[in-house]
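K.L.:
Provided below are the primary sequence and the corresponding predicted coordinates.
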Amino acid sequence: MAQAAPRGAAVINKPDPPRSTFTNTSAGKTELLKQSLIRMDHSPTHQAHGWHVLADLHGVAAPLLCDTARIEQILRASADAAGAHILFTHFHHFGENQGVTGVLLLAESHISIHTWPEYGFAAFDVFMCGQAEPERALAILTQAFAPASTQVQRVLRGNG
């Protein structure tokens, strides 16, 4: 039996509306995924490697780190800025004055967040392959969360 979410917790679990080139149907999402997988077969139109960016943001306002809806908006904007295609989103708020964890599943990989409002801290994981540009996503994230300090690690994946 599934356990109920903690009192006050908000759970958002919904598919993303496809970009304008696809209809809002599961068939449209399947087609987007198939096209992404076709490009991932090492054809000249797709690079099999990508950048994995890990960002620690310190000194972020606690109310923002508790705001599930606003966090989702920001992550969606960062994916759009990077030229990525959102396939699915899932966010979970742990309760009043508690953090949020969430992920955007992308055709190009993913963007995830974990927040600790009591420490003013957010951890981001941005991995993108192909033509998507994770640095553009990171720029949106750092602008929107306005941290006092940021630590970033960049790893090239699949290049060897």
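P.N.:
On my side now, so go ahead. Residues are numbered from 1 along each chain as shown.
K.L.:
Surely residue 155 is in contact with residue 51?
P.N.:
Yes: the criterion here is C-beta atoms under 8 Å, and residue 155 meets it with residue 51 at 7.3 Å. Quick note: C-beta positions are derived from backbone N, CA and C, even for glycine.
K.L.:
So those two - more neighbours on which side?
P.N.:
Using other C-beta atoms under 10 Å as the criterion, residue 155 and residue 51 rank with residue 51 on top: 19 against 11.
K.L.:
Checking the more buried one next. Helix, strand or coil?
P.N.:
strand (DSSP: H, G, I helix; E, B strand; the rest coil).
K.L.:
Once you drop chain neighbours, what's closest to it?
P.N.:
residue 134 (5.0 Å; C-beta to C-beta, 6 or more residues apart in numbering).
K.L.:
Check the spacing between the one you found and residue 120 real quick.
P.N.:
To residue 120, residue 134 is 24 Å away according to C-beta to C-beta, to the nearest Å.
K.L.:
and these two? which has more neighbours close in?
P.N.:
Per other C-beta under 10 Å, whichever of residue 134 and residue 120 has more neighbours is residue 134, with 24 against 18.
K.L.:
List the contacts of the more buried one.
P.N.:
By C-beta atoms under 8 Å, 6 or more residues apart in numbering, the contact set of residue 134 is 50-53, 82, 126-128.
K.L.:
This protein: strands as residue ranges?
P.N.:
Secondary structure of the chain by DSSP state E: the strands cover 11-15, 50-58, 86-93, 100-106, 109-116, 121-129, 149-157.
K.L.:
any chance of those in a markdown table, with mean pLDDT and distance to residue 64 too?
P.N.:
Formatted as a markdown table, the strands of the chain follow (pLDDT from 0 to 100; distance: least, C-beta to C-beta, whole Å):
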| stretch | mean pLDDT | distance to residue 64 |
| --- | --- | --- |
| strand 11-15 | 50 | 16 |
| strand 50-58 | 97 | 10 |
| strand 86-93 | 98 | 13 |
| strand 100-106 | 98 | 10 |
| strand 109-116 | 98 | 8 |
| strand 121-129 | 97 | 9 |
| strand 149-157 | 96 | 15 |
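K.L.:
Need those in a markdown table (columns: distance to residue 77).
P.N.:
Below are the strands of the chain laid out as a markdown table (distance: least, C-beta to C-beta, whole Å):
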| stretch | distance to residue 77 |
| --- | --- |
| strand 11-15 | 16 |
| strand 50-58 | 16 |
| strand 86-93 | 11 |
| strand 100-106 | 11 |
| strand 109-116 | 11 |
| strand 121-129 | 13 |
| strand 149-157 | 18 |
